[in-house]
Each structure stands twice: as structure tokens, then as C-alpha cells.
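Chemist: Quick one, fold the following:
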Amino acid sequence: MAEIETELYISSSCFKKGEFAAILDTVSTLPATGLELSHFSGAIPDLATIQQQADQKKCKLLVHNYFPPPENPFVMNLASDSTETLEQSILLAEKAIRFCRKAKIPFYSVHCGFACNAAPEDLGKPLTSLQRIPLQNAMDIFVQSLKKICLYAQRMGVKIAIENHTVSSFNLVNGENKLLPGATPDELLKIVDSVHMENLGLLLDLGHLKITSRSMGFDLNDAIKKLSSRTLAIHIHDNNGIYDEHLPMTESSWFLDLLANHFGPNVKFVMESNDQTADSLAKQIQILKKVL
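Modeler: You can find the predicted model right below:
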């Protein structure tokens, strides 16, 4: 039996500046499988052009969360109690899923929702002053939303992966998480089990996991062991354990041995560190390939 080669992707969010074509050119020079379509600072062509240019470069694609970005910005929230926001979020997810089907992308990854009503300018800042709904209510809405998009994706032959939230200490309310469903390993597994769809798995963000383990008091090793069997893909970046800095991986990053020991070749790895160059990304890929 032929050996399965591990797939390594670069997130578009790694690049501080750049049009899609320039980012694609850079990724195609790296020893990587392809590009994760996520945040772009520059203009984005239509989906047909994206697929055509990626095919020409023999560059595989993944699609993450708020992509393709809508003309009128909003915070995608599949746990919202606002009918308008929830409808917008599901429509965006369905558009992404249709593109995944057309471009033969195996899964679409999406953030767990928010138990508050946030605007785009609120993201990355403390959320505790925003209007909230009970966390369990948000969890229930999120589960129902996931059932809808998983059924839709199933008809398209696409899987769904949910990404764990990062809970910084500044977003705790009286020492508890009241804002961000799907942050702890147990919450994530409860969501997956409640949806009970074979095409639902996890996008495990290692930077988010590190911060949340510190603020909410769970063990990182145990978390990896619990979540590994449900994981479809991994976002790779590091931080100081307090802020979501999206720092590049190094040879001393805490997760390297865990990646080697707990994840098989079918899991896709995505570099997601900020403000990177081709050289810095190539170094990170080299580090990762040593342990996989």
C-alpha cells in the first residue's frame, strides 16, 4: 500500500499584504500542499477565477469560516439569537459549501458561535460589555445550525469542521466563560455528539487551545488525546499563553511531540501565523515535516 503523504497548507491570513494572485504565487513556491482561503487584506477575485488560478498552479484549496466574504460585513455567528444574523451566517456557510463541492475541497471549517451580539470592530477585543444570551442557549442554537449545514454539506459530499474558541482571561465573566461556546474539549465533544452527523469533525486550533487551557484550567496533553480522533485539520501557531498572538512555530513549540504521537496522515495541517514571508514559512514547514 502506498504511503499517504501529510498535507500542509498555508492560511491566507499569514500574509499581511497581498492580492490573491500574489499570495497564490508565494504558496506555490513552498513545499506545501496548498492555500487555506481565509482572511485577505487585498482584493479577492470571484470564486471561478480563484479555482481556475489554483488549478493552474496545481495548488489545493481549503475554505475557512468567513469566506467568501460578503459585500456587507457582519460577524458570522451560527449561535446567534438574531434571526437576521443567523440567516446570513447559514447562507454564507452554504455558499462556502457549494464552492467546496465545485472545487473538490473535502471540508469547510467554521468557528463556533458567540453567546453575544458582536460587530466586526468588536472582534479581538474584550466582549464582556456586549449584550449576551445564556451560554447554553447559544450552544443549543449552534447545534441546530450545525445540523442544518451538515445536512446541506452531506448532500454536497462535503464535511464540516468546527474550530475551538480561544477564551482569554479578559473575556471571562466572574471567572467563568459566558461568551464562547465550544472552547473546552468537553464542550466540543458534546457539540459533535449532539449534532450526531458523520460528516462533522473538528478543526483544532493549537494557539486557541493553549490560551483556553490556561484561563479555564484544563491539561493540554489530555485535551489533545480527547480530541485527536475527531480532528480533521489543525491550525498551527503559537503564543505566550495569554494573548492570541499567532506567532510562528519554532523547534521548541509545545505541541510538536503531541502532533507526532496523536495525529495520523489524514489530518491536514494549516500554518496560521501572522505576517510571514516565504522563507519563514519554509522554515516552519521544515520543522513540522521532521516530526510528522
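
Chemist: Can you tell me which helices and strands the helix or strand of the chain with the lowest mean pLDDT packs against?
Modeler: Ranked by mean pLDDT, DSSP states H and E, the weakest helix or strand in the chain is helix 256-262, scoring a mean of 91. Helices and strands touching helix 256-262, by 3 or more Cβ pairs under 8 Å, 6 or more residues apart in numbering; DSSP states H and E, are helix 220-227, helix 278-291. Any C-beta I mention is one placed from the backbone N, CA and C, and that applies to glycine too.

Chemist: What about the residue nearest the centre of the chain? Give its phi and psi, please.
Modeler: By Cα atoms, centre = their mean, the chain has its centre lying nearest to Glu163, at 4.8 Å. Main-chain dihedrals, Glu163, degrees, to the nearest 10: phi -100, psi 130.

Chemist: ok, what's across the strand from it?
Modeler: Beta bridges link Glu163 to His111, Leu203 when assigned by DSSP bridges.

Chemist: Touching, it and Tyr66? I think so.
Modeler: No: contact between Glu163 and Tyr66 fails when scored by Cβ atoms under 8 Å: they sit 11.6 Å apart.

Chemist: Poorly predicted segments of the stretch 1-150 of the chain, please.
Modeler: 1-4 (pLDDT under 70).

Chemist: Please report how far Ile285 lies from Val291.
Modeler: According to Cβ to Cβ, to the nearest Å, Ile285 and Val291 sit 12 Å apart.

Chemist: All the strands of the stretch 51-200 of the chain, in order from the start?
Modeler: Using DSSP state E, counting those that start in this stretch, the strands found in the stretch 51-200 of the chain span residues 60-64, 107-111, 159-163, 200-205.

Chemist: can I get these in a markdown table with distance to Leu123?
Modeler: As requested, those are exported to a markdown table (distance: least, Cβ to Cβ, whole Å):
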| stretch | distance to Leu123 |
| --- | --- |
| strand 60-64 | 15 |
| strand 107-111 | 10 |
| strand 159-163 | 14 |
| strand 200-205 | 15 |
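
Chemist: burial of the residue nearest to Phe218 when sequence neighbours are not counted, as a residue count?
Modeler: Nearest residue to Phe218 in three dimensions, chain neighbours excluded: Thr184, at 6.1 Å (Cβ to Cβ, 6 or more residues apart in numbering). Thr184 is flanked by 22 other residues according to other Cβ atoms under 10 Å.
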